[in-house]
Every structure is written in C-alpha cells, then in structure tokens.
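Engineer: can you look at this prediction? I've put the sequence above it.
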Amino acid sequence: MNGADALLSTLVANEVTACFANPGTSEMQFVAALDRNPNMRPVLCQFEGVATGAADGYGRMAGKPACTLLHLGPGYGNGVANLHNARRAFTPIVNVIGDHATYHRQYDAPLNSDIATLVKPNSLWARSADSPDTVASLAAEAVAASYGPPGGPVSLILPADSAWLPAEGEPVIAQKAMRPAPAASTVEAAARAIKAAKNPVILIGGQACLAAGLKEAARLQATGVTIYSDTFIARTSRGAGAFAPKRMQYFGEMALAELEGVDLMVYAGTAMPVAFFAYPNRPSVLVPEGCETLTLAQRSEDAVAGLAALADALGAPKAGPVQSLALPDAAPTGKLTAYAVGASIARHMPEGAIVCDDSVTSGAGVAAAAVTARPHEVLALTGGAIGAGLPLAIGAAVAAPDSKVLSLNGDGAAMYTIQALWTMARENLDITVVVFANYTYRILNIEMQRTGAGDAGPQARKLLDLGDPKIDFVALAEGLGLPAVRCETAEAFEAAIAAAMAQRGPMFIEAAI
C-alpha cells in the first residue's frame with residue numbers, strides 16, 4: 001500500500017465513492033490506485049469547473065461528499081467559481097489537490113504555486129499530507145470537516161511523494177459532528193415574539209428548505225405566520241405535495257416593498273437577507289425599518305427540529321398547506337417564450353425529477369408552471385457564479401441514477417462549462433439539457449440600468465451581446481456527443497421535451513426564445 005492507496009481506502013470507508021477528476025502528472029499515483037479500489041467511481045471532466053460543479057450537485061443530492069481530483073494550483077484555480085457556489089450551498093466536498101513532491105517544491109518548477117493560500121477562501125479545512133503516514137488520518141479529518149455543520153468544501157493537498165511512498169495502517173473512520181437542536185429557550189423566545197407581533201414572517205434557508213423542513217414550515221404557515229425562503233436555495237422540494245413558501249425577491253426594492261409592514265423576521269437555517277448587489281441610493285439590508293429580528297436556528301443547527309418545536313409551541317396543526325397537482329391542460333402554441341417552455345416542462349416532467357437551474361432571466365417561466373407540476377427537486381445557483389447548471393446535473397445524475405435530471409441554462413451561462421456535455425455523453429447520464437438562447441447577457445442589460453450606468457451604447461453592447469456570431473449550440477452539443485435539436489416554436493419544444501422525458505440518456509434542446 002502506498003499513500004494513494006491509503007487515501008482511496010479511507011475515502012471509500014467513509015462512503016466517499018464518487019470522484020470527479022481532471023488529473024495531471026502529480027496525480028498519477030491516485031489514478032493508478034483506482035484500479036485497486038473499484039468501489040470509487042471515477043468521472044472524467046474536461047475542465048476543473050465541471051468537476052467541482054459536479055461534486056456540488058452530487059453532494060446536494062446524496063447528502064454526502066464526493067471528492068474531486070485537481071492538478072496543482074492552476075487546476076484548483078480553474079474550479080474555483082463552482083467551489084464558490086458550493087461554499088454558498090454548504091455542500092460537503094473533499095478536494096484532493098495534487099502537488100509537487102515535497103523535496104521538489106523548493107525548485108519552483110513551472111506548475112509550482114502557493115496552493116495553501118489559493119484554497120483558503122473556499123475551504124472549511126485545508127491541510128497538506130507531507131508524509132505518507134499522515135494521508136489516511138488527514139483524509140478522515142477532511143471528510144469530517146466537510147460535513148460541518150453546516151458543511152462545505154475542504155482541501156487535502158497530496159504531494160506526489162506522499163502518494164507514491166509506502167504507507168501503513170487501516171482506513172481511518174471520520175468522526176462527524178451532529179447538528180444540535182436549537183435550545184428550548186430560543187424556541188420559547190421565538191414563540192413569544194411571534195405571538196406578540198402583528199405581522200411576523202419566518203425566513204427559511206439551507207436545511208430548512210428540504211422536504212422535512214418544508215413540512216414543518218407549512219405547519220407554521222397554517223398558524224398565520226408568513227413563510228419566505230431565501231432567493232437561491234441549494235436544494236428544495238417543489239411541485240404537488242410540497243409546501244410552496246414565498247420566495248425573497250431578487251431585486252431589493254421589490255423585496256422591501258413586499259415586506260412593508262412586517263414587524264418581526266425570524267431566521268431558520270439562514271441569516272439576515274441582503275441585496276445581491278449594492279445600488280446607488282438603495283439599501284443593502286432587506287429588513288424593513290423597525291422590524292425586529294431573531295434567529296430560531298443557526299445554519300449549524302438542526303433547523304428542522306427548530307421549526308417543529310416552534311410549530312408545537314404555537315399549537316400548529318399536524319400538517320399545513322401543500323400544492324395540488326395542476327398541469328397545463330393544453331400544449332402551448334405559437335411563439336416560443338420562457339413561459340411556453342415552462343408549460344411544456346410541467347406537462348411532461350416525471351415525478352422525482354431533479355431540476356438544476358442556471359437559467360438566469362428565463363427561470364421564472366419554468367418556476368411559474370412547475371410549482372404545481374409532479375413532485376421534483378430543485379438545485380439552484382447559490383453563489384451567483386454562472387456556469388453551474390450543466391455540472392450540477394452531472395453530479396445529480398451520478399448521485400440519483402434513477403431520476404430524470406433536467407438542466408436549465410442561459411446561453412451565456414452554458415458557455416462557461418459547455419465541456420460538461422462531453423461527460424454527460426461519456427457516462428450516458430439521464431440528463432436533458434435545455435439552453436435558453438436569446439443571444440445576450442439579458443441580466444446585465446437589466447443591471448446596467450439599475451446601477452445608474454445608463455443605456456448600453458455601441459461599445460458597451462460589445463460586452464453584452466452574444467449574437468455576433470450566433471453560437472451554434474446544436475453543432476456544439478453534437479460535437480460533444482449528445483443528440484441535439486433546436487426549437488423555434490412552442491410546438492417544436494413541446495415535441496422535443498415530450499420525447500426527451502420519455503427516454504433515457506442525454507439529450508440537448510436549444511430553446512430559441
């Protein structure tokens with residue numbers, strides 16, 4: 001056994017059994033060790049941002065970490081954007097980052113970098129295994145740290161000599177921390193405050209937005225307390241049978257207008273809401289003036305237990321309101337819009353599907369119809385770094401192979417990680433990709449107005465327009481191994497999504513809206 005074997009055996013012993021990888025020379029011992037441990041599933045990604053985003057999607061669905069295998073500092077750097085999203089989603093991920101042999105670092109070879117500094121902002125825990133005898137114990141520490149709570153990416157740096165030198169010992173089992181329930185006094189204080197308030201709301205996020213949390217939140221809604229969710233949620237249940245809380249609006253002034261008159265805001269599994277960006281003469285904090293705030297459950301605590309205890313304290317019924325199944329009766333016709341796309345998706349998306357949403361301005365069209373569609377899960381863009389929708393779908397499909405996965409993407413967002421299509425084809429994953437092609441960064445056109453920068457002139461439009469030349473998404477998808485179709489009418493999209501939902505395997509649909 002060498003250090004790479006010790007690492008793999010410890011990861012597998014701790015149920016880390018998927019590895020999304022883009023390896024190089026310094027990781028060859030790990031690659032070779034995969035042949036000696038078939039319980040680890042290796043998935044090759046042709047860009048590190050795909051590997052890290054896939055690990056994020058896997059962790060959100062599996063509730064446990066995958067590992068990534070990244071090539072030194074530059075390889076990690078290529079994956080940072082989706083690790084930022086994973087950190088904001090509190091997704092457990094174990095990044096294994098190869099490094100030069102310990103004795104080779106001093107020579108500052110071309111790929112040498114300060115990996116420890118590079119990984120720090122997006123790692124809950126980071127260590128370098130500078131001896132093969134520390135690899136197993138540090139791997140177990142890494143796994144435990146990734147769970148938090150509330151969880152997130154960690155980074156284990158593996159020098160090449162620590163991987164190839166002999167290592168002794170059995171796999172080490174991680175000691176994972178448990179989420180504590182909120183203190184009884186905290187629950188009692190929240191109940192008293194809600195009873196005294198005229199217009200209380202509860203803002204839920206993170207763990208509270210999973211199925212069990214929504215069930216308890218619905219009970220609270222039944223007592224007359226309005227429930228809001230964070231704007232962007234790592235994972236939530238949606239559709240028939242699920243409770244649908246209000247969603248904190250993206251634009252700050254709209255959120256504050258909707259919250260006008262609220263005199264108490266209680267946080268469960270989340271924290272104080274703030275505007276996504278700062279704007280001239282507009283507030284950053286999305287709490288109405290004079291509104292009292294208190295925390296029922298920190299992100300590190302068991303928000304589901306907190307919501308259940310609060311519901312009991314308020315005498316809530318055993319069950320609250322949920323959505324009924326209501327599918328669009330007729331297939332949409334005529335011009336293809338985001339809302340026509342949403343109606344067709346709602347009509348044909350099967351129960352248990354997983355939606356990975358990076359559709360930016362087009363997403364509202366799908367969400368409007370999907371709220372009463374068949375029960376499904378939604379993984380959202382949590383950190384604002386677009387390019388997550390395709391990689392998230394890979395990870396979700398690996399974690400839940402019996403579920404249909406639907407990846408929704410803006411055209412600009414899709415181009416960040418278009419290499420993901422190749423991995424979908426290679427692994428024959430049951431993913432249907434929809435790209436909304438409007439040939440512009442539409443959200444940036446909106447934000448340019450909101451920041452007071454004015455209308456885009458001919459020079460500015462060069463940085464906002466995606467139509468010169470138009471991207472041939474069908475050719476791209478086919479070149480990367482996926483069957484693909486372009487839809488320009490509602491009728492064409494209806495036929496394409498119906499066919500995609502009725503078959504297994506990857507499919508690409510360009511929706512020219």
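Structural biologist: Right, received. Where do you want to start? Numbers count the residues shown, from 1 in each chain.
Engineer: list the residues that contact R60.
Structural biologist: Under the criterion of Cβ atoms under 8 Å, 6 or more residues apart in numbering, the contact list for R60 reads A89, T91, A234, R235, L379, L392, G395, A396. All C-beta atoms are positioned from the backbone trio N, CA, C, and that covers glycine.
Engineer: one more time with 10 Å, if that's ok
Structural biologist: R60 makes contact with 86, 89-92, 210, 234-235, 354, 356, 377, 379-380, 382, 392, 395-396, 399, according to Cβ atoms under 10 Å, 6 or more residues apart in numbering.
Engineer: and what of A6?
Structural biologist: Taking Cβ under 10 Å, 6+ apart as the contact definition, A6 lies against 33, 129, 132-139, 162-163, 166-172.
Engineer: which ones among those are found in helices?
Structural biologist: Filtering the contacts of A6 for membership in helices, criterion DSSP state H, returns A33, V135, A136, S137, L138, A139, S162, A163.
Engineer: isn't the fourth one up against V172?
Structural biologist: This means S137. Yes: assessed by Cβ atoms under 10 Å, S137 is found in contact with V172 at 5.2 Å.
Engineer: which of these two has more residues huddled nearby?
Structural biologist: When neighbours are counted by other Cβ atoms under 10 Å, V172 comes out ahead of the other of S137 and V172, with 20 against 15.
Engineer: so where's the stretch 51-200 of the chain uncertain?
Structural biologist: Flagging of the stretch 51-200 of the chain using pLDDT under 70 yields an empty set of residue ranges.
Engineer: just the CA atoms of stretch 429-447, as PDB, please.
Structural biologist: Only the C-alpha atoms of stretch 429-447 are listed here, as PDB (Å, rounded to 0.1, in the frame of the first residue of the first chain):
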ATOM      1  CA  LEU A 429     -26.300  10.100 -17.900                       C
ATOM      2  CA  ASP A 430     -30.000  10.600 -17.900                       C
ATOM      3  CA  ILE A 431     -29.900  14.300 -18.400                       C
ATOM      4  CA  THR A 432     -31.900  16.600 -20.600                       C
ATOM      5  CA  VAL A 433     -30.200  19.900 -21.200                       C
ATOM      6  CA  VAL A 434     -32.200  23.000 -22.100                       C
ATOM      7  CA  VAL A 435     -30.400  26.100 -23.200                       C
ATOM      8  CA  PHE A 436     -32.400  29.300 -23.500                       C
ATOM      9  CA  ALA A 437     -30.900  31.100 -26.400                       C
ATOM     10  CA  ASN A 438     -31.600  34.800 -26.500                       C
ATOM     11  CA  TYR A 439     -28.100  35.700 -27.600                       C
ATOM     12  CA  THR A 440     -27.500  38.400 -25.000                       C
ATOM     13  CA  TYR A 441     -26.500  38.700 -21.300                       C
ATOM     14  CA  ARG A 442     -30.000  39.900 -20.600                       C
ATOM     15  CA  ILE A 443     -29.500  40.200 -16.800                       C
ATOM     16  CA  LEU A 444     -26.500  42.500 -17.400                       C
ATOM     17  CA  ASN A 445     -28.600  44.700 -19.600                       C
ATOM     18  CA  ILE A 446     -31.100  45.000 -16.700                       C
ATOM     19  CA  GLU A 447     -28.400  45.600 -14.200                       C
END
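Engineer: any buried residues in it, and which?
Structural biologist: Taking 16 or more other Cβ atoms under 10 Å as the neighbour-count basis, stretch 429-447 is seen to contain the buried residues 429-443, 445, 447.
Engineer: how about stretch 393-412?
Structural biologist: Along stretch 393-412, these residues count as buried under the neighbour rule (16+ other Cβ under 10 Å): 393-400, 403-412.
Engineer: could you pick out the buried ones from the ones in helices among the contacts of A6?
Structural biologist: Neighbour counting by 16+ other Cβ under 10 Å classes A33, V135, A136, L138, A139, S162, A163 among the ones in helices among the contacts of A6 as buried.
Engineer: what is the nearest of the residues you listed to E258?
Structural biologist: Distance from E258 was checked for each of those by Cβ to Cβ. The minimum falls on A139, at 46.9 Å.
Engineer: contacts only, for the nearest residue to that closest one once chain neighbours are set aside.
Structural biologist: Ranked by Cβ to Cβ, 6 or more residues apart in numbering and with sequence neighbours excluded, the top spatial neighbour of A139 is T10, at 4.2 Å. The neighbourhood of T10, defined by Cβ under 10 Å, 6+ apart, consists of 16, 135-143, 169-174.
Engineer: tell me the one of the residues you listed nearest A240?
Structural biologist: V16 (34.2 Å).
Engineer: rewinding a little: now the two most distant members of the ones in helices among the contacts of A6.
Structural biologist: A33 and S137 (17.5 Å).
Engineer: of the contacts of R60, which belong to strands?
Structural biologist: For these, membership in strands holds for I354, C356, E377, L379, A380, with DSSP state E as the criterion.
Engineer: who's the first one bridged to?
Structural biologist: With DSSP bridges as the criterion, I354 is bridged to E377, V405.
Engineer: circling back: and the ones in helices among the contacts of A6 as CSV, adding distance to A309?
Structural biologist: As requested, those are exported to CSV (distance: Cβ to Cβ, whole Å):
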residue, distance to A309
A33, 47
V135, 42
A136, 40
S137, 38
L138, 38
A139, 36
S162, 47
A163, 48
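Engineer: my guess is D114 contacts G73, does it?
Structural biologist: Yes: using Cβ under 10 Å, D114 is in contact with G73, at 7.1 Å.
Engineer: more crowded one of the two?
Structural biologist: Comparing D114 with G73 by other Cβ under 10 Å, the one with more neighbours is G73, at 21 against 9.
Engineer: distance of the more buried one relative to L118?
Structural biologist: The gap separating G73 from L118 is 5 Å, by Cβ to Cβ, to the nearest Å.
Engineer: now do A309
Structural biologist: The gap separating A309 from L118 is 42 Å, by Cβ to Cβ.
Engineer: and for A208?
Structural biologist: Counting by Cβ to Cβ - A208 and L118 are separated by 33 Å.
Engineer: surely F436 meets S407?
Structural biologist: No: with contacts counted by Cβ under 10 Å, F436 stays clear of S407, the gap being 11.4 Å.
Engineer: what residues do these two have in common as contacts?
Structural biologist: Among the neighbours of F436, those also in contact with S407 (Cβ under 10 Å, 6+ apart) are S359, A414.
Engineer: now the helices for the stretch 401-513 of the chain?
Structural biologist: Defined through DSSP state H, counting those that start in this stretch, the helices belonging to the stretch 401-513 of the chain, from first to last, are 411-416, 420-427, 442-450, 458-461, 473-479, 490-501.
Engineer: tabulate those (TSV), appending distance to R219 and mean pLDDT.
Structural biologist: What follows is the helices of the stretch 401-513 of the chain, written out as TSV (distance: least, Cβ to Cβ, whole Å; pLDDT from 0 to 100):
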stretch	distance to R219	mean pLDDT
helix 411-416	36	96
helix 420-427	39	98
helix 442-450	36	80
helix 458-461	50	86
helix 473-479	45	98
helix 490-501	33	98
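Engineer: quick one: closest of those helices to A511.
Structural biologist: The closest of the helices of the stretch 401-513 of the chain to A511 is helix 490-501. By Cβ to Cβ, the value is 5.8 Å.
Engineer: which neighbouring elements make contact with that closest one?
Structural biologist: Contact analysis of helix 490-501 by 3 or more Cβ pairs under 10 Å, 6 or more residues apart in numbering; DSSP states H and E lists helix 338-348, strand 405-410, strand 431-437, strand 484-487, strand 507-512 as its packing neighbours.
Engineer: change it to 6 Å
Structural biologist: helix 338-348, strand 484-487, strand 507-512 (3 or more Cβ pairs under 6 Å, 6 or more residues apart in numbering; DSSP states H and E).
Engineer: out of those, which gets nearest to T270?
Structural biologist: Counting by Cβ to Cβ, T270 lies closest to helix 338-348 out of the helices and strands packed on helix 490-501; the figure is 26.6 Å.
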